[in-house]
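K.L.:
Any chance you can model this:
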Amino acid sequence: MKALVALILLVQLPAHRAVPAAPPLAPLGCDDPEAEAAAEFAVNYINGHSHHGYKFALNRVDNVRVVSQGLNNDIMFLELDLLETTCHILSPTPLANCTVRSLTQHAVEGDCDVKLQKLDGKLSVLASKCHSHADSSEDLLQICPDCPLLASLNNTEVLATVTAALNHHNSKTTDPYLRLLEIGRARIQYHPVHSVSVEFAVAATNCSAGEAKENAGVCQLLPEDQSNFGFCTASRLIRPSEDLSVDCQLYGHQPGVTYSQPGQDTSAGLVPSVAQGFTNHNLRLSHNNPVASESASSEFPTSMLSAKPVAKRAVAEAAQHDKVPRPVGFVPPPPPCPGKIRHFRI
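P.N.:
Purely as a prediction, here's the structure:
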């Protein structure tokens, strides 16, 4: 009798149905809008913490990895390719309006690893490591045999050109007397003419050009609350005949913008050493956020590529735009990395 009752109850109970598993999640791609937004944020951070040389623009997102730290809390690892622009780091020109130097201008590439935290939708940089290098002379000469090459910033002809250009400007201007801050870049051409082109950053002093003629040694840079930085370009023809052209522009006072003198800068590449003779300011930016939480340590993993990706978009969302039927549990291949090249490849 008991067996019969048990059998009846078993028949009457509804069959147990397994709860369907949540759809698998797709990893973040290098050209995903979220990755691009994080890369843009990182580039602005890098330019904001660099104090020498030029602003850099994003060329490509090489890789992206995201590690979940909990609800609405992700750690993002980015590998970025950057390119030098024509805007000096002291220039007030927005990055969006800065021109990337072309290959024929002897381009400079920056490579950066950046670690960010995205907490409740807000991005912050936890750590960054960058360095930069010029395109090889051999590669440039293959596409442009007559293009001038980057010269060492301490080259004697470069130094002579900068000195002559600044003296020429100060002797002709009615504006404040200018002092050299740093040489940004220089190129020398030997054929068909011998010429030197230079770019250098300057700052206004508390002397007029006329006062400086009496004793330039007493002229001091303006205090921080009055600082006025600027930029000069000059071209000096040496052979077959001598000629010099100079153009200098002062930016006007920019609150909060400062220039780190050699020996005082700890967050970016210093003014190149005379002994080393660099051709470009190295984007040697290395930063760890001192207030990073223990759970979001600012240290980089041994390999950023080993960071385990977490989902950013459910396959179910992607399937809404995909007319091809997919089997249950289908996981599409990862979006492409590296991402698209925005300017050109070095």
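K.L.:
The nearest residue to T85 once chain neighbours are set aside: what's it in contact with?
P.N.:
Closest residue to T85 apart from its sequence neighbours, by C-beta to C-beta, 6 or more residues apart in numbering: C98 at 3.8 Å. C-betas here are computed from N, CA, C, even on glycine. C98 is in contact with K55, A57, T85, T86, C87, S91, counting by C-beta atoms under 8 Å, 6 or more residues apart in numbering.
K.L.:
Which of those residues ranks first by neighbour count?
P.N.:
Using other C-beta atoms under 10 Å as the neighbour criterion, K55 leads those with 24 neighbours.
K.L.:
For it, what is the enclosing helix or strand?
P.N.:
In this assignment (DSSP states H and E), K55 forms part of strand 54-70.
K.L.:
List the strands paired with that strand, with their directions.
P.N.:
Using DSSP bridges, strand 54-70 pairs in its sheet with strand 73-88 (antiparallel).
K.L.:
what residues are up against L178?
P.N.:
L166, H169, N170, V202, A203, A204, T205, G230, C232, C248, L250.
K.L.:
sorry, back to before: which of the contacts of C98 sit farthest apart?
P.N.:
Across the contacts of C98, the longest distance by C-beta to C-beta is 13.2 Å; it joins A57 and S91.
K.L.:
if we can go back for a sec, can I get the contacts of C98 in TSV with distance to Q105?
P.N.:
Below are the contacts of C98 laid out as TSV (distance: C-beta to C-beta, whole Å):
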residue	distance to Q105
K55	15
A57	14
T85	11
T86	8
C87	14
S91	17
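K.L.:
which among these gets closest to E157?
P.N.:
T86 (22.1 Å).
K.L.:
From N280, how far out is the spatially closest residue to that closest one that is not a sequence neighbour?
P.N.:
Take T86 and drop its neighbours on the chain: the residue closest to it by C-beta to C-beta, 6+ apart is T99, 4.8 Å away. Going from T99 to N280 by C-beta to C-beta, to the nearest Å gives 17 Å.
K.L.:
One more: S171?
P.N.:
30 Å.
K.L.:
okay, the contacts of L178 in TSV with pLDDT and secondary structure next?
P.N.:
Listed next are the contacts of L178 as TSV, based on pLDDT from 0 to 100; DSSP: H, G, I helix; E, B strand; the rest coil:
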residue	pLDDT	secondary structure
L166	95	helix
H169	95	helix
N170	93	helix
V202	96	strand
A203	96	strand
A204	95	strand
T205	94	strand
G230	97	strand
C232	97	strand
C248	96	strand
L250	96	strand
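K.L.:
Among those, give me the pair with the biggest separation.
P.N.:
Farthest pair in the contacts of L178, by C-beta to C-beta: T205 and C232, 14.6 Å.
K.L.:
In contact with P33, which residues?
P.N.:
Applying C-beta under 8 Å, 6+ apart, no residues contact P33.
K.L.:
Could you list the low-confidence segments of the stretch 101-250 of the chain?
P.N.:
Within the stretch 101-250 of the chain, no stretch has pLDDT under 70.
K.L.:
what distance separates stretch 39-49 from the middle of the whole chain?
P.N.:
6 Å (C-alpha atoms, centre = their mean, to the nearest Å).
K.L.:
Same question for stretch 239-255.
P.N.:
26 Å.
K.L.:
now the end-to-end length of it.
P.N.:
End-to-end span of stretch 239-255 (C-alpha to C-alpha, to the nearest Å): 44 Å.
K.L.:
Pull the residues that contact that stretch.
P.N.:
90-92, 161, 164-166, 168-169, 173, 175-176, 178, 193-194, 202, 204, 225-237.
K.L.:
Could I get the full set of helices for the stretch 201-346 of the chain?
P.N.:
For the stretch 201-346 of the chain, applying DSSP state H, counting those that start in this stretch gives helices covering 209-215, 315-319.
K.L.:
Average pLDDT for the last one, rounded please.
P.N.:
What it means is helix 315-319. Averaging pLDDT along helix 315-319 gives 39.
K.L.:
now do stretch 46-63
P.N.:
The model assigns stretch 46-63 a mean pLDDT of 94.
K.L.:
before we move on, the earlier item: with neighbour numbers in mind, choose between T99 and N280.
P.N.:
N280 (23 against 11).
K.L.:
Would you check how far apart the more buried one and N97 are?
P.N.:
N280 is 22 Å from N97, by C-beta to C-beta.
K.L.:
can you list the domain ranges for this protein.
P.N.:
Domain assignment for the chain by the TED database gives 33-141, 148-257.
K.L.:
Can you check which of those gets nearest to K340?
P.N.:
domain 33-141 (6.7 Å).
K.L.:
end-to-end on that closest one?
P.N.:
Where domain 33-141 begins and where it ends lie 37 Å apart, using C-alpha to C-alpha.
K.L.:
ok now that domain, how far from the chain's centre?
P.N.:
With C-alpha atoms, centre = their mean, you get 3 Å for domain 33-141.
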